[in-house]
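>>> got a predicted structure plus its sequence, pasted below:
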Amino acid sequence: MRKITYLDQLSQVEKVIRKCEVCHVAMVSPDGDPYLVPFNFGYADGYIYLHSDPKGMKIDYLKNNPKVCINFTTDHDLFHINKEVACSYGMRYRSVIVNGEVEFIDTIEEKERFLNVFMGQYVEGGDFTYSGPALTNVCVMRVKVENFKGKLYGYQPE
Ligand SMILES: Cc1cc2nc3c(=O)[nH]c(=O)nc-3n(C[C@H](O)[C@H](O)[C@H](O)COP(=O)(O)OP(=O)(O)OC[C@H]3O[C@@H](n4cnc5c(N)ncnc54)[C@H](O)[C@@H]3O)c2cc1C
């Protein structure tokens, strides 16, 4: 049995979040149905940054109910003890679950600042430029990490 480690410190959880390429954001429709969307994201100082087209189902849902549950996973690694024994297979992983509320960002200055955080998750050392219309038309959101838990299966905290 591989070792499971739970992470309760934000500093440990941040390390997992920073290694991820994508997060999955779960929300609730006005009818109470679950809806989950994959997103690219940025992270800094206890906030997750998201960006999107300002129209669509997820934006309608988030304006109605800003509560979200976000999952990040990385370092997926299939292993087995015995090749023929199905239940000896497993997958090592690092995973984080965060709860919070989406806040919509309105000012152009903040959008630019937060999109730079977003870009920093994927591209090193950039001073990025944005056109005025792009900043006006993009929807930028952030989620303060209110509750979080990390879980490592088969890994040690970094
Ligand atoms: C790796 C990855 C990263 C992404 N990053 C971003 C991001 O940073 N920002 C962003 O806005 N979007 C991102 N997307 C796209 C996102 O998942 C949604 O498809 C998109 O945001 C539209 O969502 P919506 O609720 O507005 O859909 P709508 O256009 O309103 O939905 C129309 C219909 O399509 C269905 N649908 C919507 N999205 C998906 C999906 N992903 N898979 C299957 N069916 C779907 C809906 O259920 C609905 O029935 C990413 C997708 C992937 C796979």
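Done, it's in.

>>> look at the nearest residue to residue 24 once chain neighbours are set aside and say how many residues are nearby.
Take residue 24 and drop its neighbours on the chain: the residue closest to it by C-beta to C-beta, 6 or more residues apart in numbering is residue 71, 4.9 Å away. C-betas here are computed from N, CA, C, even on glycine. Neighbour count of residue 71, defined by other C-beta atoms under 10 Å: 15.

>>> tell me how far residue 71 lies from residue 115.
Distance, residue 71 to residue 115, using C-beta to C-beta, to the nearest Å: 23 Å.

>>> one more: residue 131?
With C-beta to C-beta as the criterion, residue 131 and residue 115 are 12 Å apart.

>>> comparing the two, which shows the higher neighbour count?
residue 115 (20 against 8).

>>> so which helix or strand takes in the more buried one?
Per DSSP states H and E, residue 115 falls inside helix 108-120.

>>> so which bits of that helix are buried?
111, 112, 114, 115, 116, 117, 118, 119, 120 (16 or more other C-beta atoms under 10 Å).

>>> does residue 72 touch residue 18 like I think?
No: contact between residue 72 and residue 18 fails when scored by C-beta atoms under 8 Å: they sit 9.3 Å apart.

>>> so residue 19 makes contact with residue 94?
Yes: contact criterion C-beta under 8 Å: residue 19 and residue 94 qualify, at 6.9 Å.

>>> just want to know which of the two has more residues nearby.
Legend: neighbour count by other C-beta under 10 Å for residue 19 and residue 94, higher for residue 94 (27 against 14).

>>> hmm, residue 18 and that one touching each other?
No: if you go by C-beta under 8 Å, residue 94 and residue 18 don't touch, sitting 10.8 Å apart.

>>> near the ligand, which residues of this structure show up?
22, 37, 38, 39, 40, 51, 52, 53, 56, 57, 58 (C-beta under 6 Å from any ligand atom).

>>> mind checking which of those residues land in strands?
Counting by DSSP state E, the residues of the chain next to the ligand place 37, 38, 39, 51, 52 in strands.

>>> find the closest residue to the ligand in the chain.
residue 56 (2.1 Å; C-beta to the nearest ligand atom).

>>> next, that residue: phi, psi?
phi 130, psi 170 (degrees, to the nearest 10).
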